[in-house]
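S.K.: sequence plus predicted model, see below.
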Amino acid sequence: MKIFITGATGFVGSSVLKYLLETENEIFVLYRSEKTFSDQFKKVIQNKTNVNLVKGDVLDKESMKIAAECDVTLFLACNSRWGTLETESTLNIATVGTRNCLQIVGPSKRFVYVSSAAAMMFDADFNKKQFLEMDKINKNEFIYSKAKYGAEQIVKELSQNYVILRPGEIYDREDFQLITAQNVIDYMRQPAICIKGGVSITNRQSVAKTITEAAFTTHNNQLYSLGGDNITIGELARSIQKVSGHGHMYFELGYKFAFKMCKFLGKFGIKLFELEAVKYCGFNWFVDSEPAKEKLGYVVGSSEEILEEVVDWLNERNKSQKQEK
């Protein structure tokens, strides 16, 4: 079997690629530039004979033509770091890129789209689950959510054999770009500043294994959430402080006040938190992962177990950096 994958050089994608390469299938990896090759990615593909690197871009349909010869496509390409999400690039990669890929692949072949829990902002029942007055929120200003949800609709429109996966907030060791590990660093500080919101905590390996499983499952035309413990931001801070042994208090701020404060301080070059993170932080992103557990064999540990792994890795990283100096 031939498998085409986009976004394989990223935090989650590199783990998905690792599991795919353990199969006897031939894997075709789309990449934009060798500059995106992390040490982790290089390690994954080292000495592997069933991997083919294809230079291209999801916004360049011609560069993805090899996908037409593949049996399965996994689409993970998207911006993932805070500070890059609320951009036109994110919207184009998610929507234009997904459409380009599906037009090459065709409607009948298996297409796995990795979305995000953020897409649920546009679900019909989203408003009922929130702490905020949603009638005063302009959802079109949340580009990442809009991009992911829009891509899901394109998949449903153009594919007859798809699986859409919505991961929650993903943590793991070796998060060298500090995509979510930065949250752990922030909440290990004393005092920790939190916003009234909620997240679903999951682990990269759990998500990656399930994405790989989705490539081969007989279930199709389904959407699954891949979350874990549904906890408030305050509970997240407490858990991090518990497993790290740092900090013993946190302050909870109202969403509007926190967002306006960070925006105002940013004008003077003062950055308490990444503004994009604050923008999304005040919402309740709780999900139901039971269907994924039942149909795809999704398994995830407790939030404390997941966070403890990240704390241990950060401690190891800090010790190593000090020794190098």
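M.R.: Ah, there it is. Just so we're clear, the structure is a prediction, and the values are computed from it rather than from any experiment. Residues are numbered from 1 along each chain as shown.

S.K.: strands of the stretch 1-150 of the chain, residue ranges please.
M.R.: Ranges of strands in the stretch 1-150 of the chain, per DSSP state E, counting those that start in this stretch, are 2-6, 26-31, 51-55, 72-75, 110-114.

S.K.: quick one, helices of the stretch 1-150 of the chain?
M.R.: Assigned by DSSP state H, counting those that start in this stretch, the helices in the stretch 1-150 of the chain fall at 13-21, 39-45, 88-91, 97-105, 143-158.

S.K.: surely N183 meets A237?
M.R.: No. In this structure, N183 is not within contact of A237 by Cβ atoms under 8 Å, at 9.0 Å. Heads up, the C-betas are built off the backbone N, CA and C, glycines and all.

S.K.: how about the contacts made by the closest residue to E86 other than its chain neighbours?
M.R.: Excluding the flanking residues, the one nearest E86 by Cβ to Cβ, 6 or more residues apart in numbering is I143, at 4.7 Å. Taking Cβ atoms under 8 Å, 6 or more residues apart in numbering, we find I143 in contact with L85, E86, T87, E88, T90, L91.

S.K.: neighbours around the second one, how many?
M.R.: In other words, E86. 21 (other Cβ atoms under 10 Å).

S.K.: ok so, going back, greatest separation within the contacts of I143: which pair is it?
M.R.: With Cβ to Cβ as the measure, no two of the contacts of I143 lie farther apart than L85 and E88, at 11.4 Å.

S.K.: who has more neighbours, these two?
M.R.: L85 (24 against 9).

S.K.: give me every residue that touches that one.
M.R.: Counting by Cβ under 8 Å, 6+ apart, L85 has contacts N79, I143, Y144, E276.

S.K.: re the thing from before, gap between the residue nearest to E86 and I211?
M.R.: 24 Å (Cβ to Cβ, to the nearest Å).

S.K.: for F286, which three-state class applies?
M.R.: Under DSSP: H, G, I helix; E, B strand; the rest coil, the three-state class of F286 is coil.
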